[in-house]
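# Got a predicted structure here, sequence first:
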Amino acid sequence: MSSRDRIRRGALALLLVLAATAISAVPAGAQAAARTGAFADPEPGGRGAALGGALSAVVDDPSAQHWNPARLVALERPAMLVSYADLFGLGLVQQAALFLAYPLAGREIDWEGGRLRARPGRTDAAYGLGLQSTVVDLDPESYTEYDISLGYARRGWLDLRYGGAAHLLLVDSELNGVGGNGFALDLALSRPLHAWLEGSLVLRSLFSSLRWEDETSESLCPRALIGLCGRAADALRIPLVAFYDLDRAELVQLSGGVEWEPVGPALTLRGGLRWRDDGADAELRAAVGAGLRWRDVGFDYGLASGREELGDTHRLSLQLRF
């Protein structure tokens, strides 16, 4: 076996060991802390919606702050992304997000024309900032969740990318006694396993706490996202993500999608499938969408089919590179 093959297998083994360690470290039964249904995964952006949520191993825009902080180093230039969704098309629950990413590129020194010349190299580190809100209009009362996050990622040994995001959680409500604040921490890894295969691991809400106005405390449901993204060709990407509930040590969702650029990066067509088990019933839902790029501006749209009694969700996002 060549040294390159050993490195690839070692990276894959590292991802699996970290996932298994995280799952086994979670207490079970009565020892587990109380969990809250607040701050459910908003899945921002039209791209993630169109791929059925299978974005953690392929994301390369500022929303990596949410999907996989380690992949902030995939950005080459500072960028901004805004996202909006009216959940289920009912006008009752609206989600909005703003993400900023600032990559830090290294320097490459070349000898050219008898002189040493320095030029920007690959991104060695990156910062991310995220502002997300979920507003529930109960008329006349309202309930709002705010998620303010700061992320950092770095490229390490053997091209292993690692990162994390710290979240400040705030709940503002006109309902009596419903309000609170807290925190959450995400950790993430990402690494090329082959020239055509990328692997990732995201430990979401691994540490968290949410304290309500009545002095009760809860924590968010921790999850492990194990993702792979294969490139069948330069214009075709196939991402897959498995979602594990670390409390129950069970698989709760499988997402897969396809991205195709028929005429280059100017147009991207997407489709996805999502299998989800919420503990009461399992369901399979489809998603579709598209992306448009013109110079430094990008627009993404995703349609995610929802539960039959609630309807579908349309997600829009706009990206600007500086």
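Nice, I can see it.

# CA only for contacts and neighbour counts going forward, please
Fine.

# For the residue nearest the centre of the chain, which non-adjacent residue is spatially closest?
By CA atoms, centre = their mean, the mean C-alpha position of the chain lies nearest to Trp67, the distance being 0.8 Å. Spatially, and ignoring its direct neighbours in sequence, Trp67 is nearest to Ser56 (5.2 Å; CA to CA, 6 or more residues apart in numbering).

# Where does pLDDT dip in this protein?
Scanning the chain for pLDDT under 70 picks out the ranges 1-35, 106-114, 116-120, 177, 307-310.

# quick check: longest strand of it.
Longest strand of the chain, by residue count under DSSP state E: strand 115-137.

# Could you list every helix and strand in contact with the host helix or strand of Phe183?
Using DSSP states H and E, Phe183 falls within strand 180-194. With contacts defined as 3 or more CA pairs under 8 Å, 6 or more residues apart in numbering; DSSP states H and E, the packing partners of strand 180-194 are helix 3-24, strand 161-173, strand 197-212.

# List the contacts of Arg315.
Counting by CA atoms under 8 Å, 6 or more residues apart in numbering, Arg315 touches 44-46, 49, 83-86, 301-303.

# Tell me what it is bridged to.
With DSSP bridges as the criterion, Arg315 is bridged to Ala85, Gly302.

# swap in Ala224?
Leu203, Tyr244.

# Hmm, it is touching Ala249, no?
No: applying CA atoms under 8 Å, one finds Ala224 not in contact with Ala249, separated by 9.6 Å.

# Looking at those two, which is more packed in?
Ala224 (27 against 17; other CA atoms under 10 Å).

# Would you quantify the distance from the more buried one to Gln132?
Going from Ala224 to Gln132 by CA to CA, to the nearest Å gives 21 Å.

# try Leu267
In terms of CA to CA, Leu267 sits 27 Å off from Gln132.

# Roughly how far does Ser219 sit from Ser209?
4 Å.

# Tell me the gap between stretch 217-230 and the middle of its chain.
10 Å (CA atoms, centre = their mean, to the nearest Å).

# Report the buried residues of that stretch.
217-230 (16 or more other CA atoms under 10 Å).

# Alpha carbons only: can I get that stretch in CSV?
The C-alpha trace of stretch 217-230 is given here as CSV (Å, rounded to 0.1, in the frame of the first residue of the first chain):
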residue,chain,number,x,y,z
SER,A,217,-32.5,24.9,32.2
GLU,A,218,-32.4,22.7,29.1
SER,A,219,-30.0,21.8,26.4
LEU,A,220,-30.3,21.4,22.6
CYS,A,221,-30.4,18.0,21.0
PRO,A,222,-26.8,17.1,20.1
ARG,A,223,-26.2,15.5,16.7
ALA,A,224,-23.4,14.1,14.6
LEU,A,225,-23.4,14.7,10.9
ILE,A,226,-21.2,12.4,8.8
GLY,A,227,-20.9,13.5,5.2
LEU,A,228,-19.3,12.5,2.0
CYS,A,229,-19.2,14.3,-1.4
GLY,A,230,-18.2,12.5,-4.5
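
# In a strand, Asp214, correct?
No: read with DSSP: H, G, I helix; E, B strand; the rest coil, Asp214 is coil and lies in no strand.

# wait, what's in contact with the spatially closest residue to Gly89 that is not a sequence neighbour?
Closest residue to Gly89 apart from its sequence neighbours, by CA to CA, 6+ apart: Thr313 at 5.9 Å. Residues in contact with Thr313 (CA under 8 Å, 6+ apart) are 85-89, 303-306.

# quick revisit: which of Leu267 and Gln132 has more residues huddled nearby?
Gln132 (21 against 17).

# what's near enough to touch the nearest residue to that one once chain neighbours are set aside?
Distances taken as CA to CA, 6+ apart place Ala97 nearest to Gln132, at 4.3 Å, with adjacent residues excluded. Contacts for Ala97 were tallied using CA under 8 Å, 6+ apart; they are 44, 82-84, 130-133.

# how about 6 Å then?
82-83, 131-132 (CA atoms under 6 Å, 6 or more residues apart in numbering).

# now swap in Ser63 and tell me
Under the criterion of CA under 6 Å, 6+ apart, the neighbours of Ser63 are Phe99.

# List phi and psi for Ala153.
The phi and psi values for Ala153, taken as degrees, to the nearest 10, are phi -140, psi 150.

# can you check Leu273 too?
The phi/psi pair for Leu273 (degrees, to the nearest 10) is phi -130, psi 140.

# so which helix or strand takes in the closest residue to it other than its chain neighbours?
The shortest distance from Leu273 to any non-neighbouring residue, by CA to CA, 6+ apart, is to Ala286 (4.6 Å). Secondary structure assignment for Ala286, by DSSP H and E: strand 282-294.
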